[in-house]
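>>> Let's see this in three dimensions:
(4 chains)
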Protein chains: 2
Amino acid sequence: MTTTKIRSTPRAQDTRRRIYEAALELFREQGFEQTTMRDIARKADVALGAAYYYFTSKEAIVLDFYHEVQQGNDDAIMEAMQGQRKLKDRLRCVLEKRLESLAPNRKFCDALFRHAPDSKDPLSPFSEETRPIRERAMEHLRIAVEGSDAKVSADLKPQLPYLLWLYQMGLILFWIYDRSPSQARTQRLMEKSLGLLITLIRLAGLPLMRPLRRTVLELLETV
Amino acid sequence: MTTTKIRSTPRAQDTRRRIYEAALELFREQGFEQTTMRDIARKADVALGAAYYYFTSKEAIVLDFYHEVQQGNDDAIMEAMQGQRKLKDRLRCVLEKRLESLAPNRKFCDALFRHAPDSKDPLSPFSEETRPIRERAMEHLRIAVEGSDAKVSADLKPQLPYLLWLYQMGLILFWIYDRSPSQARTQRLMEKSLGLLITLIRLAGLPLMRPLRRTVLELLETV
DNA sequence: GGATTATTTTGAACATGTTCAATATGAAAG
DNA sequence: CTTTCATATTGAACATGTTCAAAATAATCC
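Take a look at the predicted model:
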């Protein structure tokens, strides 16, 4: 990670951790925007500059958090998928676990999408720098497909994880800004869109759809 | 518009205009981020505060620009569509004219999407405040469909302008960050995606697709 | 243990978006 | 022409993300 210092004494690790945790707590309470780097430093009992010694920017803290969450949820996702064979159920596992793990910190997840469209920005989900995170997420989705009983046409299969990842990011984005109680709308959207997705994947397998499928794949090539 | 002062003397209008034009020129030269409100004020020969007397924020200047561009291109779009009957061609007209009108200022259009996902933000393309702009754009797309020889199933028709608008916004976003020479990739993407779009609309008309179409429309209801 | 070097910590300084109280300007009224 | 009042303009002040040179601390070497 760009934001992680490799050489560091245990004491430094501790300071870093203190800053990280102070930040998350404040973000959780007041949101990302409302929280000041000065607030964070004060709460962590360090000088302002220390925060920047350990994190390249305010947003980098959130990225670290995202990275950690993903790591911590690796096993949970795999386990949840164990019993499931149907693609829809397997995908739902991945999506639900992902949202679940972000949930306590939903309030500041919007920071993750701040620089999203610019793939040159190191903090964008599409950037080179965040590739490891992205690929790990895609790997889960690949496994969800692989371990299911769904038939996927051979030419679509290699692109599917990326497509599903896009879908997942879209859903997360919707969830972040979903103001309905308990994000019920996201839940509904997930059910409906999962159903649609499965139908589409199934339809895409029909011989009749071959030209259409080809067009979609070509399109992907361009993007 | 929130950013427009209604009561104002000709002199004020002139000052406003001066600030606006200084801003656009600087944005064009150095991009949105790089340009300082102080730069703008200096170039317009006014004090810093004056800029904020006329515009609620730096981004509001860009929004004004977008508004103006849209207005100025109304006729051009309608004219361009005149001769065309095929839906694909008519849509291409709308998209191309839109990009064309933004092109000289492509460099700072990214500011338009800065607050996009938060529909509560006044500057978001999805916000209540930008509704007039959005509806005007959707109207163009509605006309593009209406005046074409394409058959659209009755239940899809009312939602189509919104869907097309989303599509258009996506394309603009891609275009803004398209680093290929002359944005050739956007051009390719447009052709391919337009083809896909037409096919989808056509397919959606088949009786066989009725349940699928219903699902999509339900999905839209949720969003 | 003292000197040297590397790491960590500090806080002042900077840049910039934004606010606002004070002032200047010009139009309307008397 | 002076007074009055709304409008327009000013620039200082503020908040906050970020940088950086200097100081403090810890680790390493002789």
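>>> okay, the closest residue to DNA strand C within chain A: pLDDT?
Residue of chain A nearest DNA strand C, by CB to the nearest atom of the strand: residue A:49 (1.9 Å). Glycine gets a C-beta too; all of them are placed from N, C-alpha and C. Note for residue A:49: predicted pLDDT of 96.
>>> Please enumerate residues in contact with the helix ranked longest in chain A?
For chain A, the helix reaching the highest residue count under DSSP state H is reported as helix A:58-82. With contact meaning CB atoms under 8 Å, 6 or more residues apart in numbering or on different chains, helix A:58-82 is reached by A:1-4, A:19-20, A:23-24, A:27, A:32, A:37, A:40, A:55, A:90, A:93-94, A:96-98, A:101-102, A:105, A:108-109, A:111-112, A:114-115, A:123, A:130, A:133, A:136-137, A:140, A:143-144, A:147.
>>> could you redo the last one with a cut-off of 7 Å?
A:1, A:3, A:20, A:23-24, A:32, A:37, A:55, A:90, A:93-94, A:97-98, A:101-102, A:105, A:108, A:111-112, A:114, A:123, A:133, A:136-137, A:140, A:144, A:147 (CB atoms under 7 Å, 6 or more residues apart in numbering or on different chains).
>>> re the thing from before, regarding the residue of chain A closest to DNA strand C, what is its secondary structure?
Assigned with DSSP: H, G, I helix; E, B strand; the rest coil, residue A:49 falls in the helix class.
>>> Neighbours of it, how many?
The local packing of residue A:49 (other CB atoms under 10 Å in any protein chain shown) involves 9 other residues.
>>> do the same with residue A:14
When neighbours are counted by other CB under 10 Å, residue A:14 registers 11.
>>> which residues touch the residue nearest the centre of chain A?
Geometric centre of chain A, nearest residue: residue A:169, 6.3 Å, by CA atoms, centre = their mean. The contact partners of residue A:169, taken as CB under 7 Å, 6+ apart, are residue A:125.
>>> Quick one: low-confidence residue ranges for chain A.
Counting by pLDDT under 70, chain A shows low-confidence ranges at A:1-7.
>>> Show me which residues of it sit near DNA strand D.
Residues of chain A lying close to DNA strand D (CB under 7 Å from any atom of the strand) are A:9, A:11, A:35-38, A:48-49, A:52-53, A:56-59.
>>> Neighbour-wise, which one of those leads?
Using other CB under 10 Å as the neighbour test, the residues of chain A next to DNA strand D are led by residue A:35, with 23 neighbours.
>>> in what helix or strand does the residue nearest to that residue when sequence neighbours are not counted lie?
Spatially, and ignoring its direct neighbours in sequence, residue A:35 is nearest to residue A:26 (4.4 Å; CB to CB, 6 or more residues apart in numbering or on different chains). Counting by DSSP states H and E, the element that carries residue A:26 is helix A:10-30.
>>> List of residues touching the helix or strand following that helix?
Counting by DSSP H and E, the element after helix A:10-30 in chain order, helix or strand, is helix A:37-44. Under the criterion CB under 7 Å, 6+ apart, residues A:18, A:19, A:22, A:23, A:26, A:47, A:48, A:50, A:51, A:58 lie in contact with helix A:37-44.
>>> Swap in 8 Å and give it another go.
By CB under 8 Å, 6+ apart, helix A:37-44 touches A:15, A:18-19, A:21-23, A:25-26, A:47-48, A:50-52, A:58, A:61.
>>> before we move on, what about stretch A:23-30?
A:35, A:39-40, A:43-44, A:51, A:61-62, A:65, A:104-105, A:107-108, A:111.
>>> rerun that using 10 Å as the cut-off
With contacts defined as CB atoms under 10 Å, 6 or more residues apart in numbering or on different chains, stretch A:23-30 is touched by A:32-37, A:39-44, A:51, A:55, A:58, A:61-62, A:64-65, A:68, A:104-109, A:111.
>>> How about the residues of chain A by DNA strand C?
A:5, A:7-9, A:11-12, A:15, A:45-50, A:52-53.
>>> now, which of those sits nearest chain B?
Among the residues of chain A next to DNA strand C, residue A:52 lies closest to chain B (CB to the nearest CB), at 20.0 Å.
>>> Now do the contacts for that closest one.
By CB under 10 Å, 6+ apart, the neighbours of residue A:52 are A:19, A:37, A:41, A:58, A:60.
>>> where's it, which helix or strand?
Element membership for residue A:52 (DSSP H and E) is helix A:48-54.
>>> before we move on, the earlier item: starting at the chain centroid, how far to the longest helix of chain A?
Helix A:58-82 has its C-alpha centroid displaced from the chain centroid by 8 Å (CA atoms, centre = their mean, to the nearest Å).
>>> Downstream of that helix, the next helix or strand is which one?
That would be, after helix A:58-82 and using DSSP H and E, helix A:87-102.
>>> could I have that following helix exported to CSV, CA atoms only?
Extracted C-alpha coordinates of helix A:87-102, given in CSV (Å, rounded to 0.1, in the frame of the first residue of the first chain):
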residue,chain,number,x,y,z
LEU,A,87,-25.5,-18.6,-8.5
LYS,A,88,-28.1,-16.1,-7.2
ASP,A,89,-27.6,-17.3,-3.6
ARG,A,90,-23.8,-17.2,-3.9
LEU,A,91,-23.8,-13.7,-5.3
ARG,A,92,-26.1,-12.6,-2.6
CYS,A,93,-23.7,-13.9,-0.1
VAL,A,94,-20.9,-11.9,-1.5
LEU,A,95,-22.9,-8.7,-1.7
GLU,A,96,-24.5,-9.1,1.7
LYS,A,97,-21.3,-9.8,3.5
ARG,A,98,-19.6,-6.9,1.8
LEU,A,99,-22.4,-4.5,2.8
GLU,A,100,-22.5,-6.0,6.3
SER,A,101,-18.8,-5.4,6.8
LEU,A,102,-19.1,-1.8,5.7
